[in-house]
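Asks: below are the sequence and a predicted model; questions follow.
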2 protein chains.
Amino acid sequence: MKIGILGLGLIGGSLGLDLRSHGHYVLGVSRRESTCTKAIALGSVDEASVDTNLLVTAEVVFICTPIGLIIPTVEQLIAYLPSNVIITDVGSVKTPIVQAISSLWDNFVGGHPMAGTAESGIEAAQRHLFVDRPYVLTPTAVTPKTAVNVVAEIVRQLRATIYHCAPEDHDKAVSWISHLPVMVSASLIAACMSETDSKVLQLAQKLASSGFRDTSRVGGGNPELGVMMAQYNRQELLKSLQKYRHNLDELISLIEQENWKVLEEKLQLTQQARTAFVDD
Amino acid sequence: MKIGILGLGLIGGSLGLDLRSHGHYVLGVSRRESTCTKAIALGSVDEASVDTNLLVTAEVVFICTPIGLIIPTVEQLIAYLPSNVIITDVGSVKTPIVQAISSLWDNFVGGHPMAGTAESGIEAAQRHLFVDRPYVLTPTAVTPKTAVNVVAEIVRQLRATIYHCAPEDHDKAVSWISHLPVMVSASLIAACMSETDSKVLQLAQKLASSGFRDTSRVGGGNPELGVMMAQYNRQELLKSLQKYRHNLDELISLIEQENWKVLEEKLQLTQQARTAFVDD
C-alpha cells in the first residue's frame, strides 16, 4: 500500500520504519528539508518532500504533526487529495479534531497511538514503538466502515493493542489517566516550592526519594505538552480536576477530624482500585 | 560495642546484620519467640529474647518497633536500664517521639533511616540496606553531644548519609516529600474511581500506563502506613495539604480562564524546580 505520513517526528518517523518493514511504500512530508533528508537516511520513508503534493498518490495519510497543526494541515491538504484517500491522525485529544475534520472529509478516522517516549524528533524514531501499546481509533456513527477497517489493519501490523471508542469517551478516559495526573503532579511540585523556610526546603530536597520522584515525574515533564492537554481537553480536564479536588477535600477533612478508621478504609479502597489500572 | 535492637522487623533485622558485620555484639528483642529464632538463624543478632531484660547490658539501644509502640516501649524499657545507656529510635515522624522521650531519658537521640522497601518483617532483612540512603538524626538543644556522636558513628558504619536537624524541621520536610505525595496520589485514584460511566472507567483502566502508574504508586501503598503518617504528622501534613490545595486551585483557575501563557510559565517552573529534588 502507498501510505503518506505528514509530520516526521518521533511518531511519524517510527510509523514509517514499521510500515516499510511490512512492505508498504511510504511517502513522507516535513516542513523542513533537513528532516526529509534524515528521514530517508534513517529508512523511515521511501520518498520525502517539503511539498504536500507528494501525498497525492497515497491511499492512506497519517497526520503526525503537533496537535495544534492537525486541523489546519488537513484543511490545506484536502485541496489536493482524491476523495477516496483515507486520512487518520495521531493527536492525543480526539473530540475537537474529529468534529472539525469529519465535516471536511468523509474518509477520516481519528486515532491515538499511546506510545510516547521522553525523546522527540525524527532522530528518536524507533522500530516497534507501538508493539503492545494501546492504539485508540475513534470512528463516529458516519465514519465509513471500510476506512476504519483499512486503518485498523495497518495498526494491527504495528502489533499495537487496538481499542475502538467514541471520541468523547477517549477524551474522558485520557483526562483521568493522563491529563489529570500531570496537573496533580505539577501542583505537588509547586506546593513544595512554596516552603518559605529555606533550611526545611533544602532538607526536603535532600531527603526526596522514590515516592516523591514517582509522584512528581509527570508534573516535571514538558510544559508545552501540559498546556496542550489543558487547551485541547479543557472541559474534560476541568471536570476531572473538580472531582479530584472533591476527593482531596474529603481526605483533608478526615485528617482534620482525626477519623483514622475511615481514612484507612479510603486508603484500602485506593490500594485495591489501583490494581485495576496498572500491574505494579 | 554491645548494641540492643528492640523490634526485629525489616529495619531492626537489617541493622543487626550490618552491625554484626562491623564487629558489634547484637542483642535482639522481639515480642515473638519465632522471630527471635529466625533473627538468630539469619545472623541478624547474636542473642535474642522476648524479655526486654536482655538489653540491660547494652550500651546503645535502637528502638525499631512500629511508630505507635515507640513511646510505650521506651517507657517500659527504662525501668531496667542504667542511665548511661543511649537510646535511639527509627520512627518516621520525630517531634512527638522526641518530645515524649526526651523528658523521660536524657541520653535519647531521635533518628530516621529513610530506607524502607515494599517488604516487611525479619525475613525481608538485608545487608547494606542503609548504604547511601539518608539517615536523619534529630538531637535537641539538650541532647548530650556524646550520645549524638556515638549514634552518628554507628550510622556512619552503615554507610548511610547522615543529616542533623531539629525534629520539627524533619517533620516538615518529610511532610512535603513523603506524606503529602501519599494523599495527593490516593486522591488521584479516588477521583478516577468516581467515574460513573462504566465504559469510560474500563477504557481508562485499559489505557493507563507509565504516567498513571508513577503518579498513583504511593497512593496505592500500605493503608496502615498512610494512616500512621497522617496520625503522627497531622499538623504538618494538614499545612502541606492546604498549600497543595491552594496551588491546585491556581492551576484550575488558569485552565478555567484559558490563560495558557501563565499555565506554561507555571509548568516551566515546576519542571525546573523538580531537578533540585530528584535526578530523573
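Replies: Structure's in. What do you need?

Asks: residue contacts, A:Leu241?
Replies: Contact analysis of A:Leu241 by CB atoms under 8 Å, 6 or more residues apart in numbering or on different chains lists A:180, A:183, B:248, B:251-252, B:255. Where you see a C-beta, it was placed from the backbone N, CA and C, and this is true even at glycine.

Asks: show me which of these is closest to A:Gly220.
Replies: A:Gly220 lies nearest to A:Met183 out of those, by CB to CB, at 12.6 Å.

Asks: quick check: closest non-adjacent residue to that closest one.
Replies: B:Leu251 (5.3 Å; CB to CB, 6 or more residues apart in numbering or on different chains).

Asks: quick one, strands of the stretch 1-150 of chain A?
Replies: A:2-6, A:25-29, A:47-49, A:60-63, A:86-89, A:108-109, A:111-113, A:134-137 (DSSP state E, counting those that start in this stretch).

Asks: returning to what we had before: next step: the contacts of A:Leu241 restricted to helices.
Replies: A:180, A:183, B:248, B:251-252, B:255 (DSSP state H).

Asks: find the residue at the geometric middle of chain A.
Replies: Per CA atoms, centre = their mean, the C-alpha nearest to the average position across chain A is that of A:Ser92, at 3.4 Å.

Asks: contacting residues around stretch A:113-122?
Replies: A:8-15, A:30, A:35, A:38-39, A:42, A:44, A:90, A:92, A:124, A:126, A:129-130, A:133-136, A:155, A:158, A:160, B:207, B:209.

Asks: of those residues, select the buried ones using a ChimeraX command.
Replies: Of the contacts of stretch A:113-122, the buried ones can be selected in ChimeraX as follows, counting by 16 or more other CB atoms under 10 Å in any protein chain shown:
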select /A:8,9,10,11,12,13,14,15,30,35,38,39,42,44,90,92,129,130,133,134,135,136,155,158,160 /B:207,209
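
Asks: still on that earlier bit, which of the contacts of A:Leu241 count as buried?
Replies: By 16+ other CB under 10 Å, the contacts of A:Leu241 give A:180, A:183, B:248, B:251-252, B:255 as buried.

Asks: how about A:Ile255: what's its closest non-neighbour residue?
Replies: B:Ala230 (4.9 Å).

Asks: other SSEs contacting the helix or strand where that neighbour lies?
Replies: Here B:Ala230, judged by DSSP states H and E, is contained in helix B:223-232. The contact analysis (3 or more CB pairs under 8 Å, 6 or more residues apart in numbering or on different chains; DSSP states H and E) places helix B:223-232 against helix A:260-274, helix B:67-77, helix B:180-193.

Asks: mind doing that once more with 7 Å?
Replies: helix A:260-274, helix B:180-193 (3 or more CB pairs under 7 Å, 6 or more residues apart in numbering or on different chains; DSSP states H and E).

Asks: closest to A:Val56 out of the ones you listed?
Replies: Counting by CB to CB, A:Val56 lies closest to helix B:180-193 out of the helices and strands packed on helix B:223-232; the figure is 44.9 Å.

Asks: where along the stretch 101-250 of chain A do the helices fall?
Replies: A:145-157, A:167-174, A:180-193, A:198-207, A:210-216, A:223-232, A:234-256 (DSSP state H, counting those that start in this stretch).

Asks: contact partners of the second one?
Replies: The reference is to helix A:167-174. If you take CB atoms under 7 Å, 6 or more residues apart in numbering or on different chains as the criterion, helix A:167-174 is touched by A:92-95, A:98, A:110, A:112, A:136, A:138, A:233, A:236, B:199-200, B:203-204, B:207.

Asks: cutoff 6 Å now
Replies: Helix A:167-174 has contacts (CB atoms under 6 Å, 6 or more residues apart in numbering or on different chains) with A:93-95, A:98, A:110, A:136, A:138, A:233, A:236, B:200, B:203-204, B:207.

Asks: okay if I get the residues you listed as a markdown table plus distance to A:Leu225 and pLDDT?
Replies: Formatted as a markdown table, the contacts of helix A:167-174 follow (distance: CB to CB, whole Å; pLDDT from 0 to 100):
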| residue | distance to A:Leu225 | pLDDT |
| --- | --- | --- |
| A:Val93 | 11 | 96 |
| A:Lys94 | 16 | 98 |
| A:Thr95 | 18 | 97 |
| A:Val98 | 20 | 98 |
| A:Gly110 | 19 | 98 |
| A:Val136 | 18 | 98 |
| A:Thr138 | 20 | 98 |
| A:Asn233 | 12 | 97 |
| A:Glu236 | 16 | 98 |
| B:Val200 | 22 | 98 |
| B:Leu203 | 21 | 97 |
| B:Ala204 | 19 | 98 |
| B:Leu207 | 17 | 96 |
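
Asks: which one of the residues you listed has the most neighbours?
Replies: Using other CB atoms under 10 Å in any protein chain shown as the neighbour criterion, A:Gly110 leads the contacts of helix A:167-174 with 28 neighbours.

Asks: where does it fall, phi/psi-wise?
Replies: Here is the backbone geometry of A:Gly110 (degrees, to the nearest 10): phi -70, psi 140.

Asks: you'd agree it is up against A:Lys94?
Replies: Yes - A:Gly110 is in contact with A:Lys94 according to CB atoms under 6 Å; the separation is 4.8 Å.

Asks: intersection of neighbour lists for those two?
Replies: Residues within reach of A:Gly110 and of A:Lys94 at once, by CB under 6 Å, 6+ apart, are A:138, A:167.

Asks: buried sites along stretch A:19-30?
Replies: A:19-20, A:24-30.

Asks: show me which of those is closest to A:Ser102.
Replies: Among those, and counting by CB to CB, the member closest to A:Ser102 is A:Val29, at 22.4 Å.

Asks: if I look at the nearest residue to that closest one once chain neighbours are set aside, how far off is A:Arg274?
Replies: Leaving aside its sequence neighbours, A:Val29 sits nearest to A:Leu6 (CB to CB, 6+ apart; 4.7 Å). Remark: distance between A:Leu6 and A:Arg274 (CB to CB, to the nearest Å) = 39 Å.

Asks: could you do A:Gly211 as well?
Replies: 15 Å.

Asks: when those two are compared, which one has more neighbours?
Replies: Counted by other CB under 10 Å, A:Gly211 and A:Arg274 do not tie: A:Arg274 has more neighbours, with 26 against 21.

Asks: residues near the closest residue to that one other than its chain neighbours, how many?
Replies: Using CB to CB, 6+ apart and skipping the chain neighbours, the partner closest in space to A:Arg274 is B:Gly220 (3.4 Å). Using other CB under 10 Å, B:Gly220 has 23 other residues around it.

Asks: low-scoring pLDDT stretches of the stretch 1-150 of chain A, where are they?
Replies: A:117-118 (pLDDT under 70).

Asks: which single residue of it ends up nearest chain B?
Replies: A:Pro134 (5.2 Å; CB to the nearest CB).

Asks: OK, contacts around that residue?
Replies: Counted by CB under 6 Å, 6+ apart, A:Pro134 has contacts A:114, A:161, A:163, B:207.

Asks: show me the contacts for the second one.
Replies: Counting by CB under 6 Å, 6+ apart, A:Thr161 makes contact with A:Pro134.

Asks: format the contacts of A:Pro134 as a markdown table; extra columns: distance to A:Leu55.
Replies: Below are the contacts of A:Pro134 laid out as a markdown table (distance: CB to CB, whole Å):
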| residue | distance to A:Leu55 |
| --- | --- |
| A:Met114 | 25 |
| A:Thr161 | 28 |
| A:Tyr163 | 27 |
| B:Leu207 | 30 |
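
Asks: closest one of those to A:Gln242?
Replies: B:Leu207 (21.2 Å).

Asks: noted, bye for now.
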